[in-house]
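Q: fold the following, please.
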Amino acid sequence: MGHSIGDGIIVLALAAAFLGYFYLKHLERQRRLEIVHQERLAAMDKGIPLPELPIDPPRVQAPPDPRIPLILGIVLLAVGGGAMAAFSLVSGDSIHMFWPMPLPLALVGVGLMLYYFLAQNR
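A: As a prediction, the model looks like this:
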């Protein structure tokens, strides 16, 4: 399996994009630290005592969205139902017998939707 020059260019472009993103993120952090440092120096010159600041403040994570099981259930039900419909509509005896293969996806989707509706606080 050979790779072409175009494949290498794509990989290099993706690597450059990732490195550029992280470099710009680093520059933003450095700029923010420089501004904080200048503000603290100005406050110290005026005689204002300042508490020690952490370099990176802890991030407060938002609670998970309670609608995620419903969304996943709808997506899995749609994918499973669509795949079953596609398998049943495809002509040919060898493919036609595989229509129930995506049934577990559809049933997991129904289960997630059922979980969402039963777990709600009413």
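Q: how many residues are close by G81?
A: As a burial measure, G81 scores 16 neighbours (other C-beta atoms under 10 Å). For glycine as for every other residue, the C-beta is placed from the backbone atoms N, C-alpha and C.
Q: okay but it is in contact with A106, surely?
A: Yes: the pair G81 / A106 is scored as a contact, 5.4 Å apart, by C-beta atoms under 8 Å.
Q: tell me the helix or strand right after the helix or strand bottoming out on mean pLDDT in the chain.
A: Ranked by mean pLDDT, DSSP states H and E, the weakest helix or strand in the chain is helix 93-96, scoring a mean of 69. Remark: after helix 93-96, the chain's next helix or strand is helix 103-119, criterion DSSP states H and E.
Q: quick one: buried residues of that following helix?
A: Counting neighbours by 16 or more other C-beta atoms under 10 Å, one finds that the buried residues in helix 103-119 are 105-106, 109, 112-113, 116.
Q: elements contacting it?
A: Helices and strands touching helix 103-119, by 3 or more C-beta pairs under 8 Å, 6 or more residues apart in numbering; DSSP states H and E, are helix 68-89.
Q: scan this protein for its longest helix.
A: Scanning the chain for the helix with the most residues, using DSSP state H, yields helix 5-45.
Q: please work out the average pLDDT along it.
A: On average, the pLDDT along helix 5-45 is 92.
Q: burial count for L77?
A: Residues near L77, counting by other C-beta under 10 Å: 19.
Q: quick one: contacts for the nearest residue to it once chain neighbours are set aside?
A: Distances taken as C-beta to C-beta, 6 or more residues apart in numbering place G109 nearest to L77, at 3.2 Å, with adjacent residues excluded. G109 makes contact with 72-80 under the criterion C-beta atoms under 8 Å, 6 or more residues apart in numbering.
Q: now those residues as JSON lines including distance to M101 and pLDDT?
A: Conversion of the contacts of G109 to JSON lines gives the following (distance: C-beta to C-beta, whole Å; pLDDT from 0 to 100):
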{"residue": "L72", "distance to M101": "20", "pLDDT": "95"}
{"residue": "G73", "distance to M101": "19", "pLDDT": "95"}
{"residue": "I74", "distance to M101": "20", "pLDDT": "96"}
{"residue": "V75", "distance to M101": "18", "pLDDT": "96"}
{"residue": "L76", "distance to M101": "14", "pLDDT": "96"}
{"residue": "L77", "distance to M101": "15", "pLDDT": "96"}
{"residue": "A78", "distance to M101": "16", "pLDDT": "96"}
{"residue": "V79", "distance to M101": "12", "pLDDT": "96"}
{"residue": "G80", "distance to M101": "9", "pLDDT": "95"}
